[in-house]
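Generate coordinates for the sequence data below:
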Amino acid sequence: MPTPLTKVRRIVFSGAECTGKSTIARAVAEHFGDPCSNEYVRQHVEQLDRPLDESDLEPIAQGQIRLEDDAYAKAARYVFHDTNLLSSILYAQYYFNTSIHWVDERFLGRIYDRYYLCQPDIPWKADPGQRVSPQERQRLHKQFESILEHFRIPYINLRGSPEKRLNTVLGTLT
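Numbers count the residues shown, from 1 in each chain. So this is what the prediction gives:
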């Protein structure tokens, strides 16, 4: 666990499905030698024998919080998040037209130091059970921009190749 004198910075990679969040989060974590929390929904979906439904929203949010906090406990300087609770809020609204009050409250009570919004400018890769379509990715991207603006969260856009994205992050963190 970080000491009280150490300020661990929480860095979030956000964006629609198949925009390179996992790739950049892992690359930056490896570069700095700091932990990275994965996107919990992937683990959750792999455990199911059915499509996601509204009953999965709370367990997904709880799992996301757990992964984030576990990574934070191991951090010295940075912790990199391959998405965060903001995604849980957005997907609840987008796919199920609902919100979960405690998730919204927990999100507002958590402090994240920097957001990077991954742009949908990389090739689409199908991932059954995880991704819907390239067209849906574009619509979701617009929703991510809207929700970041709604919460007045400043963010840095990540575009281009993995190397270009990595250079952008390194240039803004160091």
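
Angles on the backbone of Phe13, please.
Note on Phe13: its backbone torsions stand at phi -110, psi 120 [degrees, to the nearest 10].

Equivalent analysis for Arg152, please.
Residue torsions, per degrees, to the nearest 10, at Arg152 are phi 60, psi 50.

Please read off the pLDDT at it from the model.
Looking at Arg152, its pLDDT is 94.

Quick one: neighbours of it, just the number.
Per other CB atoms under 10 Å, the neighbour tally for Arg152 reads 6. The C-beta positions use only the backbone N, C-alpha and C, and glycine is treated the same way.

quick one: contacts for the closest residue to Leu148 other than its chain neighbours?
Leaving out its chain neighbours, the residue that sits closest to Leu148 by CB to CB, 6 or more residues apart in numbering is Tyr155, at 5.4 Å. The contact partners of Tyr155, by CB atoms under 8 Å, 6 or more residues apart in numbering, come to 14, 115-117, 148.

Out of these, which two sit at the greatest distance?
Greatest spatial distance in the contacts of Tyr155: Tyr116 and Leu148, 10.7 Å, computed using CB to CB.

so what's in contact with the two at the same time?
Shared contacts of Tyr116 and Leu148, defined by CB under 8 Å, 6+ apart, comprise 14, 155.

which of the two has more neighbours?
A direct count of neighbours by other CB under 10 Å for Tyr116 and Leu148 places Tyr116 higher, at 24 against 18.

part of a helix, is that one?
No: read with DSSP: H, G, I helix; E, B strand; the rest coil, Tyr116 is strand and lies in no helix.

Specify the beta-bridge partners of it.
Applying DSSP bridges to Tyr116 gives these bridge partners: Phe13, Ile156.

Surely it touches Ala27?
No: contact criterion CB atoms under 8 Å: Tyr116 and Ala27 do not qualify, at 11.9 Å.

just to confirm, which helix or strand has Pro120 in it?
Per DSSP states H and E: Pro120 is located in neither a helix nor a strand.

Hmm, it is touching Lys21, no?
No: with contact defined as CB under 8 Å, Pro120 does not count as touching Lys21 (11.1 Å).

which residues are in contact with both of the two?
Gly15.
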